[in-house]
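Peer 1: Generate coordinates for the sequence data below:
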Amino acid sequence: MRRLPILGLIFAVAGALLALAAPAGAQQPTTTTAASDADGGSSTDPGRVSVIKVQGLLDPVLADFIERSVRDGAEASVVAVVLQVDSSGSVVTDERLAELARTIHDTPVTVAMWVGPSGSSALGGTAQLAGVVDVVGISPGSRLGKTGDLVVPDELLSPTFLAAKDRLRTGTVDDEAALDLGVAPRTANVIGDFLIDIPGFETKQVRDGDIIRREPVTVPVFSALPVQDQLFHTVGSPPVAYLLFLIGLALIVFELYTAGVGIAGLVGAGAFVLSCYGLAVLPTRPWAVALLVLSVFGFTVDVQTGVPRVWSVIGTVALVVGSLALYDGLSLSWIALGVGIIGLPLFMIGGMPAMVRTRFSTPTIGREWMIGEEGEAVTNVDPDGVVRVRGALWRARTNRATPLALHDVVRVVEVDGLLLEVEPLEGGAKDHRERRGGGSDDEDAVEDGAVLVDGRPLPPADPD
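Peer 2: Numbers count the residues shown, from 1 in each chain. Now for the predicted structure:
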């Protein structure tokens with residue numbers, strides 16, 4: 001119990017020392033805010049500014065996030081909601097974009113947009129929102145424009161934005177041009193410089209020697225998409241959806257040549273499902289998606305042989321055409337196209353046959369030695385299934401469609417690529433085990449003149 005007064009004394013002394021060590025100009029800062037100008041004194045509650053990150057295409061996930069942030073900001077009575085934008089366009093419907101613009105226009109809280117940092121852009125439907133917000137700023141080196149035909153109703157747009165709509169329809173403007181047109185009357189290198197000029201944002205003047213600078217009093221609160229929403233927003237990116245689609249199909253095909261369901265199949269199924277969501281959100285051409293499916297099918301036909309043939313050529317052509325024409329109004333980067341167009345054929349023609357052979361067999365030169373080998377059926381083979389020969393799993397097909405049950409002993413009678421043709425140990429068409437022994441009892445019986453019935457010699461007749 002005696003430690004508490006001692007700790008309090010220590011903290012009090014430390015606070016006094018820090019106060020004495022602080023610069024004189026910083027001990028009594030002068031606060032200048034919009035609120036202090038109105039009532040002659042500093043505001044007791046400087047408030048908060050909600051800064052949300054708008055990055056990537058404006059898709060349904062991002063549109064919902066903006067709308068939710070604006071409504072939450074109004075309920076929390078924040079000073080302003082600021083959109084920090086770096087977006088190359090919008091993929092939401094015209095109706096959804098107009099609905100979002102109306103939400104921003106009708107909210108009682110100030111909504112601002114800052115296109116930054118340097119090198120960012122606000123294009124397409126995202127650029128149209130610049131005509132709805134209350135304050136717009138652009139960082140040097142950033143661009144705004146290429147709005148296309150306006151979807152947002154004219155009554156929601158500012159007069160300066162409507163006056164510049166013809167120039168913004170097909171072109172872009174930088175910070176200086178936007179300033180001259182009145183579209184973005186503020187230029188700010190960083191988000192902090194943009195925030196301090198927002199109406200209601202409180203700052204204080206701090207003297208540092210001969211320099212007087214403004215420091216924020218209002219608290220900026222930065223937020224981004226939640227993890228789950230960020231996942232779907234990322235999947236909705238054109239290159240991510242494209243590559244996930246190809247990866248998912250390739251891994252699913254690979255799993256078809258293996259026994260059971262493994263990690264590759266689960267990862268492929270997950271990638272395929274996520275890619276389907278992304279392709280559904282994006283402006284995708286269905287016939288281009290069909291070409292990508294055809295390309296994977298074409299490569300699959302030649303997987304067993306491991307040698308490129310006609311189907312591989314068909315698959316390559318379908319892959320190139322489908323990749324280049326996949327999106328309507330959007331283009332893939334050369335990096336994404338290179339990974340898809342070059343990577344898929346290399347995996348399907350070069351890598352996949354080797355991986356399948358490694359998984360199903362032991363390293364050997366040729367597989368003729370397997371003819372006559374015995375094994376065990378690990379699934380029902382009727383007529384296709386999986387068998388185990390010398391500890392390795394193989395896809396198998398019964399000889400003459402003779403069904404085999406689980407755990408039946410089988411004999412290999414033929415090898416076709418990666419597929420084994422098997423028969424039951426009893427009642428098979430021919431005993432291939434004797435092929436390496438130089439002959440069989442049946443052949444000796446034939447030489448002795450015995451009569452064969454169903455491939456087997458009859459027992460000698462009783463002389464009595």
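
Peer 1: number of nearby residues for W334?
Peer 2: 8 (other CB atoms under 10 Å). In short, each C-beta sits where N, CA and C put it, glycine included.

Peer 1: Equivalent analysis for G265, please.
Peer 2: Burial measure for G265: 17 neighbouring residues, criterion other CB under 10 Å.

Peer 1: repeat for L346
Peer 2: L346 has 10 neighbouring residues, counting by other CB under 10 Å.

Peer 1: And for V301?
Peer 2: The tally of other residues near V301 (other CB under 10 Å) stands at 14.

Peer 1: Repeat that for G338.
Peer 2: 12.

Peer 1: State the helix or strand in which it lies.
Peer 2: helix 334-345 (DSSP states H and E).

Peer 1: likewise P46?
Peer 2: For P46, there is no enclosing helix or strand under DSSP H and E.

Peer 1: before we move on, what about L179?
Peer 2: Per DSSP H and E: helix 175-181 holds L179.

Peer 1: State the paired neighbours of the helix or strand following that helix in the sheet, together with their directions.
Peer 2: Using DSSP H and E, the next helix or strand after helix 175-181 towards the C-terminus is strand 186-187. Paired strands of strand 186-187, with direction, are strand 135-138 (parallel) (DSSP bridges).

Peer 1: re earlier: please spell out which residues along the helix holding L179 are buried.
Peer 2: Residues of helix 175-181 classed as buried: 175, 177-179, 181 (neighbour count, 16 or more other CB atoms under 10 Å).

Peer 1: quick one: contacts of it?
Peer 2: Under the contact criterion CB atoms under 8 Å, 6 or more residues apart in numbering, helix 175-181 has outside partners 136, 138-142, 144, 160, 163-164, 167, 173, 184-187.

Peer 1: Specify the local secondary structure of P220.
Peer 2: Secondary structure, DSSP: H, G, I helix; E, B strand; the rest coil: P220 is strand.

Peer 1: Report how many residues lie close to it.
Peer 2: The tally of other residues near P220 (other CB under 10 Å) stands at 17.

Peer 1: what bridges to it?
Peer 2: V49.

Peer 1: Same check on R214?
Peer 2: Q205.

Peer 1: which residues sit in contact with it?
Peer 2: Going by CB under 8 Å, 6+ apart, R214 touches 32, 196, 203-206.

Peer 1: So, low pLDDT: which residues of the stretch 151-300 of the chain?
Peer 2: In the predicted model of the stretch 151-300 of the chain, residues 258-261 satisfy pLDDT under 70.

Peer 1: One more: the stretch 301-450 of the chain?
Peer 2: 304-307, 353-368, 399-401, 427-450.

Peer 1: wait, doesn't A184 sit right on V115?
Peer 2: Yes: counting by CB atoms under 8 Å, A184 touches V115, with 7.4 Å between them.

Peer 1: which residues do those two both contact?
Peer 2: Here A184 and V115 share the contacting residues 130, 136-138, 144, scored by CB under 8 Å, 6+ apart.

Peer 1: Make sure I have this right: V82 is in a strand.
Peer 2: Yes: assessed by three-state DSSP, V82 belongs to a strand.

Peer 1: what sits against R388?
Peer 2: Each residue near R388 by CB under 8 Å, 6+ apart is listed here: 375-376, 378, 394.

Peer 1: wait, what's in contact with G131?
Peer 2: G131 touches 152, 156-158, 161-162, 183, counting by CB under 8 Å, 6+ apart.

Peer 1: hmm, which two among those are most spread apart?
Peer 2: Pairwise distances across those (CB to CB) peak at 15.1 Å, for the pair L156 and V183.

Peer 1: So those two - more neighbours on which side?
Peer 2: Taking other CB under 10 Å, L156 and V183 do not tie; V183 has more neighbours (24 against 18).

Peer 1: where does the stretch 1-150 of the chain dip in pLDDT?
Peer 2: Looking at the stretch 1-150 of the chain by pLDDT under 70, you get 1-45.

Peer 1: Let's see that with 80 instead.
Peer 2: Confidence mapping of the stretch 1-150 of the chain against pLDDT under 80 gives the ranges 1-46.

Peer 1: Where do the domain boundaries of this protein fall?
Peer 2: Domain assignment for the chain, taken from automatic domain parsing, gives 25-226, 236-360, 368-452.

Peer 1: returning to that earlier point: so what touches the helix holding G338?
Peer 2: 238-239, 242-243, 246, 250, 295-296, 299, 312, 315-316, 319-320, 323-324.

Peer 1: Mind listing what's buried along that helix?
Peer 2: Buried residues in helix 334-345, counting neighbours by 16+ other CB under 10 Å, are found at 336-337, 339-341, 344-345.

Peer 1: What segments of the stretch 251-400 of the chain are strands?
Peer 2: 374-377, 384-389, 392-398 (DSSP state E, counting those that start in this stretch).

Peer 1: Those strands into CSV, with extra columns for distance to V281?
Peer 2: Output for the strands of the stretch 251-400 of the chain, formatted as CSV (distance: least, CB to CB, whole Å):
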stretch, distance to V281
strand 374-377, 46
strand 384-389, 38
strand 392-398, 38
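
Peer 1: Please identify which of these is closest to F272.
Peer 2: strand 392-398 (22.5 Å).

Peer 1: what residues are up against the spatially most central residue of the chain?
Peer 2: Taking CA atoms, centre = their mean as the criterion, V235 is the residue nearest the geometric centre of the chain, at 3.4 Å. V235 makes contact with 241, 244, 274-275, 277-278, according to CB under 8 Å, 6+ apart.

Peer 1: quick one: contacts for G73?
Peer 2: Shown in contact with G73 (CB under 8 Å, 6+ apart): 50, 80-81, 107, 109.

Peer 1: Just give the closest residue to it, not the sequence neighbours.
Peer 2: Nearest residue to G73 in three dimensions, chain neighbours excluded: V81, at 4.2 Å (CB to CB, 6 or more residues apart in numbering).

Peer 1: picking that back up, who's more crowded, A184 and V115?
Peer 2: V115 (32 against 29).

Peer 1: Tell me the spacing between that one and V81.
Peer 2: Separation of V115 from V81 (CB to CB, to the nearest Å): 16 Å.

Peer 1: How about S275?
Peer 2: Distance of S275 to V81, given as CB to CB: 33 Å.
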